[in-house]
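Asker: Predicted model and sequence follow; I will ask about them next.
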Amino acid sequence: MTTNHVSARLLNAYAAGETGIDVDVLWAVESHVESCADCRDLLGQVIGPDTVALVDRVRVNLDRQVSPGAQMPVRRRMIWRTAPALLPRLIMTAAMVLTALGLDLANKLAAGPYPSLVLLLAPVAPLLGVAAAWSRGLDPGYELVVASPKAGLYLVLRRTLAVLVVVIPILAGAGALVGTSPARWLLPSLAFTLGALALGEVAGLHRAATGLVALWVAAVVAPSLITFTPTVLLEPASLPVWAGLTALVAVVLVVRREAYTGLTSGR
């Protein structure tokens, strides 16, 4: 692309439907053409007058059939940003954290032997919402979203960020009430979130998130509660390991970012 317009060579390749165009470049071209009349005119010259005339006839017919005042409500446009199943899962996550907080406070008042349940669940708490960020079964508009120019890792990360913005403050507040520092679970939580996204490129995000939660509960949460011993995986000495794991998973996620652009990515 040039500084202000799409190059003629790229427009020719786009109009011809060449498959060698990168997904990011394709998204940039479509987004630019939507807002640039000059590039739309040039694209019309490239694809030929017959196609332009056909598009004009379709537009005229649609304008006659669709009422000018019947516009999509602003809230409906949010389908491109958040999945419909996200809100119920965020509510479930908040309820889970509050339940863990209540059990921790009761254990603290009774001078019980159990380790903090809030701390044990914090690393995987966001995954309940993340699992709904990109799922065919949980998003009725999934096919439409995948077919949009802005589909892919960008949209997945945007929806994941919406989950973290809600869940992390809830975890921080609950942790403050039971004396658990966010420094102990923030990096593990980020590592699990990115790990779910990376594995989701292969197995589907919902399956990946569910599998990681089940693995953490079976390997860490349950043994800690049974033995009354806090896990060493959430001690400050383990933070460099979590940092390295987070960086590694982030690299894998970026390298395989195009896996979220197909319909099969929502398995």
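Answerer: The structure has been received and is ready for your questions.
Asker: Give the helix, strand or coil label for the closest residue to residue 115 other than its chain neighbours.
Answerer: On the basis of Cβ to Cβ, 6 or more residues apart in numbering, the spatially nearest residue to residue 115 that is not a chain neighbour turns out to be residue 230, at 4.2 Å. Any C-beta I mention is one placed from the backbone N, CA and C, and that applies to glycine too. When the structure is reduced to helix, strand and coil (DSSP: H, G, I helix; E, B strand; the rest coil), residue 230 reads as coil.
Asker: and residue 230, how far is that from residue 238?
Answerer: Using Cβ to Cβ, to the nearest Å, we find residue 230 at a distance of 11 Å from residue 238.
Asker: repeat for residue 39
Answerer: Residue 39 sits 52 Å away from residue 238, going by Cβ to Cβ.
Asker: Then residue 184?
Answerer: Taking Cβ to Cβ as the criterion, residue 184 is separated from residue 238 by 9 Å.
Asker: which strands and helices sit next to the helix or strand where residue 12 lies?
Answerer: Under the assignment given by DSSP states H and E, the secondary-structure element containing residue 12 is helix 8-16. Judged by 3 or more Cβ pairs under 8 Å, 6 or more residues apart in numbering; DSSP states H and E, helix 8-16 is in contact with helix 23-35, helix 37-47.
Asker: right, and those - which one's nearest residue 118?
Answerer: Ranking the helices and strands packed on helix 8-16 by proximity to residue 118 (Cβ to Cβ) places helix 23-35 first, at 39.5 Å.
Asker: buried set for the closest one?
Answerer: The neighbour-count criterion (16 or more other Cβ atoms under 10 Å) identifies 23, 26, 27, 28, 29, 33 as the buried residues of helix 23-35.
Asker: Among the residues you listed, show me the least confident.
Answerer: When the buried residues of helix 23-35 are compared on pLDDT, residue 23 comes out lowest, with 73.
Asker: Does that residue touch residue 30 like I think?
Answerer: No. With contacts defined as Cβ atoms under 8 Å, residue 23 does not count as touching residue 30, sitting 10.8 Å away.
Asker: and the gap between residue 58 and residue 64?
Answerer: Looking at residue 58 against residue 64, where the rule is Cβ to Cβ, the gap reads 11 Å.
Asker: Residue 241 too?
Answerer: From residue 241 across to residue 64, the span is 64 Å (Cβ to Cβ).
Asker: These two: which is more packed in?
Answerer: Using other Cβ atoms under 10 Å, the more surrounded residue of residue 241 and residue 64 is residue 241, with 13 against 7.
Asker: Next, the contact list for the more buried one, please.
Answerer: With contacts taken as Cβ atoms under 8 Å, 6 or more residues apart in numbering, residue 241 has no neighbouring residues.
Asker: name the element it belongs to?
Answerer: In this structure, residue 241 is located in helix 239-255 according to DSSP H and E.
Asker: Report the buried residues of that helix.
Answerer: Applying a neighbour-count criterion of 16+ other Cβ under 10 Å, the buried positions in helix 239-255 are 242, 245, 246, 249, 250, 253.
Asker: picking up where we left off before, so residue 39 and residue 238 - more neighbours on which side?
Answerer: For residue 39 against residue 238, the residue with the higher neighbour count under other Cβ under 10 Å is residue 39, and the figures read 21 against 15.
Asker: shouldn't that one be in contact with residue 32?
Answerer: Yes. When contacts are counted by Cβ under 8 Å, residue 39 is listed as touching residue 32 (6.2 Å).
Asker: what do these two both touch?
Answerer: The contact sets of residue 39 and residue 32 overlap at 5, 6 (Cβ under 8 Å, 6+ apart).
Asker: which residues in the stretch 1-150 of the chain form strands?
Answerer: If DSSP state E, counting those that start in this stretch is used as the criterion, the stretch 1-150 of the chain turns out to lack strands entirely.
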